[in-house]
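S.K.: Fold the following.
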Amino acid sequence: MSFKLAPGAVALAALLVSFATPVTAWPQRDRTVVWTSPGRVERLDLAGGPGGSVGAPKAPFTFLEEDTGGTNPKIKVRDARGVEWGVKWGEEVNSEVFASRLAWAVGYFVEPSYFVAKGKIDGVSGLDRAKKFVGPDGTFSDARFERKDKGVTKLGDEQSWRWDDNPFVGTKELDGLKVMMMLVSNWDSKDQRDAGRGSNTKLFVINTRAGKETRYVVSDWGGTMGKWGGFFRRAKWDCDGYAGQNDEFVKGVKEGMVEFGYSGQHTGTIKDGIPVAHVKWLMTYLGKLTDNQIRAALRASGASPGDEECFARAVRGRISALQAIR
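M.R.: A predicted model of the protein is given here:
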């Protein structure tokens with residue numbers, strides 16, 4: 001004798017079996033990355049940057065301590081939402097905010113940073129280098145605020161990475177990062193080899209539900225938007241100097257490799273051996289940036305109207321030179 005279940009009973013039986021079957025969790029997979037897709041580049045908010053406008057530092061600010069590392073005056077503060085920030089003054093402020101936004105816009109990892117035109121820090125005391133930029137009452141102007149995210153392990157100096165020795169050597173993603181370094185004239189390309197002077201490459205280790213993610217990051221974009229070159233030639237946030245080197249930015253193509261005029265620290269490691277195909281891959285993202293986005297990033301970085309006009313033209317000129325490569 002055979003029995004035929006009604007359709008509803010069949011569905012119910014299938015449902016009961018599905019509940020009875022143990023669910024196997026997806027295995028965790030550790031990842032090592034240097035780039036992630038930025039999505040629709042032309043829709044990104046370059047005024048807000050990676051942290052967005054809603055993520056900007058919120059007053060009042062409370063003094064935590066002075067940071068004695070690096071070459072520029074810095075202190076640590078906490079804002080009204082409990083977020084901790086590294087605050088920096090000096091000639092790198094504008095260039096770092098702007099250049100890091102361009103790198104983020106094409107898929108590279110940067111720390112969220114903001115230009116703050118003026119403000120006040122409560123409880124300031126015992127300052128050394130930073131006392132030149134912070135008044136006795138805690139007032140300040142023209143500062144860069146960089147967010148200090150909790151839950152991120154940052155490995156620098158001896159534990160950082162080298163441009164010529166990492167898992168991404170020869171890939172379009174690493175070569176794209178090198179092109180972005182040259183696009184913004186980042187001559188300060190120190191890496192693990194320069195641990196004694198402070199490496200500007202770092203590993204950011206983040207634990208996610210899917211596993212551990214290790215990000216290869218350029219952590220300092222301050223030595224940018226001026227002239228590249230040797231110690232006595234280079235500059236930061238100098239549009240005349242930056243624009244004056246545009247003709248040398250892309251010098252040509254030889255045997256399928258793009259020749260760049262860049263000069264900085266570890267010059268050959270940055271500029272040599274980048275094939276045309278890798279530049280063209282980068283341009284599928286970089287080429288979609290609009291003039292309005294570039295200008296928005298400049299204004300958010302504290303650029304004067306004159307600097308905005310000059311840098312907007314010069315950056316577009318370099319992007320056009322990359323687009324013209326054949």
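
S.K.: only C-alpha atoms for contact and neighbour calcs from this point on.
M.R.: Fine.

S.K.: Longest helix of this protein, counting residues only.
M.R.: helix 305-323 (DSSP state H).

S.K.: Against which helices or strands is that helix packed?
M.R.: With contacts taken as 3 or more C-alpha pairs under 8 Å, 6 or more residues apart in numbering; DSSP states H and E, helix 305-323 sits against helix 172-183, helix 239-244, helix 246-249, helix 276-286, helix 291-300.

S.K.: residues making contact with the shortest one?
M.R.: When contacts are defined by C-alpha atoms under 8 Å, 6 or more residues apart in numbering, helix 246-249 is touched by residues 182-183, 260-262, 314, 317-318, 321.

S.K.: likewise stretch 272-289?
M.R.: Against stretch 272-289 from outside (C-alpha under 8 Å, 6+ apart): 41-42, 105-106, 171-173, 175-176, 179, 253, 256-260, 319, 322-323, 325-326.

S.K.: want to throw the contacts of helix 246-249 into CSV with pLDDT, distance to residue 288 and neighbour count?
M.R.: Shown next, in CSV, are those (pLDDT from 0 to 100; distance: C-alpha to C-alpha, whole Å; neighbours: other C-alpha atoms under 10 Å):
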residue, pLDDT, distance to residue 288, neighbour count
182, 98, 18, 26
183, 98, 15, 23
260, 98, 22, 19
261, 98, 24, 17
262, 98, 24, 26
314, 98, 16, 20
317, 98, 14, 16
318, 98, 14, 21
321, 98, 14, 16
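
S.K.: residue ranges with poor pLDDT in the protein?
M.R.: 1-28 (pLDDT under 70).

S.K.: who touches stretch 141-154?
M.R.: Against stretch 141-154 from outside (C-alpha under 8 Å, 6+ apart): 57, 83-90, 93-94, 97, 111-119, 133, 202-207, 302.

S.K.: That should have said stretch 43-62, apologies.
M.R.: Outside stretch 43-62, the residues touching it (C-alpha under 8 Å, 6+ apart) are 77-81, 83, 85, 101-102, 104-105, 110-114, 119-124, 145, 293-294, 296-297, 299-300.

S.K.: With stretch 316-326 instead?
M.R.: 183, 246, 249-250, 252-253, 276, 279-280, 283, 286-287, 291.

S.K.: how about that stretch: buried residues?
M.R.: The neighbour-count check on stretch 316-326 (16 or more other C-alpha atoms under 10 Å) flags 316-319, 321-323 as buried.

S.K.: likewise stretch 297-315?
M.R.: Per 16+ other C-alpha under 10 Å, stretch 297-315 contains these buried residues: 297-303, 307-308, 310-315.

S.K.: biggest separation within the contacts of stretch 316-326, which pair?
M.R.: Using C-alpha to C-alpha, those span at most 26.8 Å, a distance reached by 253 and 291.

S.K.: For residue 57, see how far away residue 118 is.
M.R.: Here the criterion is C-alpha to C-alpha, to the nearest Å. By it, residue 118 lies 12 Å from residue 57.

S.K.: pretty sure residue 270 is touching residue 163, no?
M.R.: Yes: if you go by C-alpha atoms under 8 Å, residue 270 and residue 163 touch, sitting 7.3 Å apart.
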